[in-house]
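Q: predicted model and sequence follow; I will ask about them next.
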Amino acid sequence: MLMNMKDLLAVAYKHQFAVGSFNVANSEFVRVIIESAEEKNAPAIIQIHPNEVELLGDDFITYVRESCRNAKVPMVIHLDHGGSVEDVMRAIRNGFTSVMIDASHASFEDNIAISKEVVKLAHSVNVSVEAELGTIGSNEGSSEGGADVILYTDVDDAKTFVEQTGIDTLAIAIGTSHGQYKHDRQPELKLDLLAEINKNVDIPLVLHGGSDNKDEEISQTYLHGVSKINLSTDMKNAFFKEMRRFLIENDTAYEPDMIMPSARKAAQEVVKKKMDLFNSTNQA
Ligand code: 13P
Ligand code: ZN
Ligand code: NA
């Protein structure tokens, strides 16, 4: 079933689990996420980045939306890192039930102003809004964007930002980055900062850059208000790594129904493990 982000995350916030929010860029990933969610009896969010919208085209969103509506578990279709009011309006027109406006690189005042404008537009048609304060890091190979130097979210700013904008969920920066870390180095998350933010802000928090972190740190985040964890790289990596292996071993293969199943299975294994890690298994 298709849900509003605000309603879904209110349940996650209360019961201390995080809903996985997975990026899709083709129909294989849509099926991977929905089938994993149904198998795990877990709610899930399908998010699409403006680059991915560009790749897929508007009509594809209709397919994603209908797939979510027909799913046996709660699903949300969410715009990831909307960069402008135009991105947000395109998403709303295409039937997204939730949008992110990411003006985290603008000044604090401008971030408030643009996020507030998006809230006004989106709330008038019952679409939820996520905005970001602070910056997520960026690793090589990820097209999600991010900053070279992470600016950690300031606790007082977060409180002011949420009060002034009226957003439904806040993406925070506590040390994660988009993509995969080099040389097996993993980040240290500032869990104390997260706990402080959670004490001062009364809406669900969002963790970006969910891939390639320490499991024992991720499993602390939903105890401190993180109700949505964005995950892209680990799932896509598993999919294409297996596809690469298959194509090298079967170097004359060309039929999708031969090539896709093992890649899909590899991605599905990752998604299901993340649902366990996020404590969203059996929460549907
Ligand atoms: P990862 O690619 O690190 O999983 O981050 C995904 C993300 O934050 C998308 O918004
Ligand atoms: Zn992100
Ligand atoms: Na990451």
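A: Thanks, I have it. Numbering: from 1, shown residues only. Ligands and ions are numbered 1, 2, ... in the order given.

Q: so for the longest helix along the chain, what gets flagged as buried?
A: In the chain, taking DSSP state H as the definition, the longest helix is helix 256-277. Buried residues in helix 256-277, counted by 16 or more other Cβ atoms under 10 Å: 259-260, 263-264, 266-268, 270-275, 277. Bear in mind the C-beta positions are built from the backbone N, C-alpha and C, glycine included.

Q: and for stretch 195-206?
A: Quick answer for stretch 195-206 (16+ other Cβ under 10 Å): 196-198, 201, 203-206.

Q: what's next to it, contact-wise?
A: 9-10, 12-13, 21, 130, 132, 153, 155-156, 158-159, 162, 167-172, 174, 194, 224-230 (Cβ atoms under 8 Å, 6 or more residues apart in numbering).

Q: please redo it, this time with the cut-off set to 6 Å
A: By Cβ atoms under 6 Å, 6 or more residues apart in numbering, the list of residues contacting stretch 195-206 from outside reads 9, 13, 130, 155, 158-159, 162, 169-172, 224-228.

Q: re earlier: which of the buried residues of stretch 195-206 sits closest to residue 103?
A: Comparing the buried residues of stretch 195-206 against residue 103 with Cβ to Cβ places residue 206 closest, at 14.9 Å.

Q: which secondary structure state does the closest one sit in?
A: Following DSSP: H, G, I helix; E, B strand; the rest coil, residue 206 is assigned to strand.

Q: any idea how many residues pack against residue 214?
A: 12 (other Cβ atoms under 10 Å).

Q: dump the residue contacts of it.
A: Applying Cβ under 6 Å, 6+ apart, the residues contacting residue 214 are residue 186.

Q: tell me the spacing between it and residue 181.
A: 11 Å (Cβ to Cβ, to the nearest Å).

Q: sorry, back to before: just the buried residues of helix 256-277 now: which is nearest ligand 2?
A: residue 274 (15.1 Å; Cβ to the ion).

Q: name the element the spatially closest residue to the closest one that is not a sequence neighbour belongs to?
A: The shortest distance from residue 274 to any non-neighbouring residue, by Cβ to Cβ, 6 or more residues apart in numbering, is to residue 20 (5.2 Å). Using DSSP states H and E, residue 20 falls within strand 19-23.
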